[in-house]
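J.: Structural data only, the sequence is not supplied:
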Ligand SMILES: NC(=O)c1ccc[n+]([C@@H]2O[C@H](COP(=O)([O-])OP(=O)(O)OC[C@H]3O[C@@H](n4cnc5c(N)ncnc54)[C@H](O)[C@@H]3O)[C@@H](O)[C@H]2O)c1
C-alpha cells in the first residue's frame with residue numbers, strides 16, 4: 001500500500017512501546033488511527049500525547065478475547081467506515097525454566113501473544129480481501145526465529161505468529177491478492193515489555209519487580225521504537241514480508257538453519 005494518507009490503521013498495544021511508535025508514525029503519514037490496549041489510563045494518556053491533527057479513537061480491548069477483537073473491528077468501522085492496515089502488536093513477555101512454568105503462565109502468554117494474532121487475522125482479513133486493499137502486520141520477535149532458553153511460552157507463541165504469517169503470505173500469493181502481510185521480528189527494543197507482568201491477572205507487585213529487574217537492562221539498552229516503526233512503514237508501503245531490525249539477526253538465523261541442515265543440536269543462541 002504505497003498511499004497511506006486518509007486510510008485507517010488499527011494498532012493493538014497502542015498505549016506503549018512499539019505500538020505507540022507505530023501510532024505516531026502512521027499518524028505522520030496522515031492515517032486515521034484506532035488505538036487499542038488493555039491499559040485504559042495509559043491508552044488515554046498516549047492518545048492525549050499525540051498532535052491534535054491526528055484523527056484517532058481509543059478502544060479498551062483485551063486482545064486475547066476474540067469477542068473483544070470483533071468489537072474492536074465494529075468500533076473501527078463505525079468511527080472511520082473502513083480498515084486498511086491492521087497491526088496485531090500487543091504482547092507480553094513471560095517465561096522461566098521449562099521444568100517449572102505453571103499452567104496459568106503458559107496460558108497467559110500464549111493467549112495474549114498468539115491467540116491475539118489468530119483473532120486479529122480471523123476477524124479483519126475477510127474485510128480486507130473484500131475491499132481488495134489492505135495490509136496486516138503481525139508483531140513476532142527474533143524469539144519466533146530461534147529459541148533462547150528460559151523463554152518457552154514466549155518462543156512458542158512467537159514461532160506460531162511467524163508460522164501463521166508465512167501461511168497467510170503463501171495463501172495471499174496463491175490468490176494473487178492485493179492484500180499484504182508482514183511479520184515483525186525485532187530483538188531488544190526499549191519499551192515497557194520488561195514490566196509486562198503488570199497486565200497479568202492475579203500478579204503480585206514483587207513478581208512484576210523481579211521480572212523487571214531481570215530483563216530491564218537488556219530492554220533499556222535496546223533499539224529506539226521509532227526506528228522499528230520506520231521499518232514497519234517501509235514494509236507496508238513496499239509489501240515486504242520479513243521485517244528484521246537488528247544487525248545480528250541474520251547470523252543467528254543462519255546458525256540455526258545450518259544446524260537443521262547439518263543435523264547438529266541447536267546452537268546456544270541468546271537474544
Ligand atoms: N521490546 C522488545 O524488546 C520486543 C522485542 C521483540 C518483540 N516485541 C514485541 O513487541 C510487541 C509490543 O511490545 P512492547 O515491547 O512495545 O512492550 P510494551 O509493554 O511497551 O507495550 C505492549 C502494550 O501491549 C499492551 N497489552 C498487554 N497485554 C494486552 C492485552 N491482553 N490486550 C491488549 N493490550 C495488551 C500493554 O498494555 C502495552 O501497552 C509485543 O508483541 C512484544 O512481544 C518486543
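T.: Ah, there it is. Note that the structure is predicted; figures quoted are calculated from it, not measured.
J.: Please make it C-alpha for all contacts and neighbour counts, starting now.
T.: Will do.
J.: Need the residues that contact the helix-or-strand element of the chain with minimal mean pLDDT.
T.: When the helices and strands of the chain are scored by mean pLDDT, DSSP states H and E, helix 205-220 comes last with a mean of 80. The set of residues that contact helix 205-220 without belonging to it, under C-alpha atoms under 8 Å, 6 or more residues apart in numbering, is 188-191, 193-198.
J.: Next: stretch 142-161.
T.: Residues lying outside stretch 142-161 but in contact with it, judged by C-alpha under 8 Å, 6+ apart, are 93-98, 105-106, 109-110, 113-114, 117, 138-141, 162, 183, 185-187, 249, 252-253, 256, 268-271.
J.: follow-up on the earlier one: distance from the least confident helix or strand of the chain to the middle of the chain?
T.: Taking the mean C-alpha point of helix 205-220 and that of its whole chain, the gap between them comes to 20 Å (C-alpha atoms, centre = their mean, to the nearest Å).
J.: Cross-check the contacts of stretch 142-161 against the ligand and keep the overlap.
T.: Checked against the ligand using C-alpha under 6 Å from any ligand atom, those yield the following neighbours: 139-141, 186-187.
J.: And the helices in the stretch 151-271 of the chain?
T.: 152-174, 205-220, 225-238, 249-262 (DSSP state H, counting those that start in this stretch).
J.: How about the longest one, which residues are buried there?
T.: Burial within helix 152-174, assessed by neighbour count using 16 or more other C-alpha atoms under 10 Å, is assigned to 152-166, 168-169, 172.
J.: that older thread, export the contacts of helix 205-220 to JSON lines and tack on pLDDT, neighbour count and distance to residue 48?
T.: What follows is the contacts of helix 205-220, written out as JSON lines (pLDDT from 0 to 100; neighbours: other C-alpha atoms under 10 Å; distance: C-alpha to C-alpha, whole Å):
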{"residue": "188", "pLDDT": "96", "neighbour count": "21", "distance to residue 48": "27"}
{"residue": "189", "pLDDT": "98", "neighbour count": "22", "distance to residue 48": "23"}
{"residue": "190", "pLDDT": "97", "neighbour count": "19", "distance to residue 48": "21"}
{"residue": "191", "pLDDT": "97", "neighbour count": "20", "distance to residue 48": "19"}
{"residue": "193", "pLDDT": "94", "neighbour count": "22", "distance to residue 48": "21"}
{"residue": "194", "pLDDT": "91", "neighbour count": "24", "distance to residue 48": "24"}
{"residue": "195", "pLDDT": "90", "neighbour count": "21", "distance to residue 48": "22"}
{"residue": "196", "pLDDT": "91", "neighbour count": "16", "distance to residue 48": "22"}
{"residue": "197", "pLDDT": "88", "neighbour count": "24", "distance to residue 48": "25"}
{"residue": "198", "pLDDT": "86", "neighbour count": "19", "distance to residue 48": "22"}
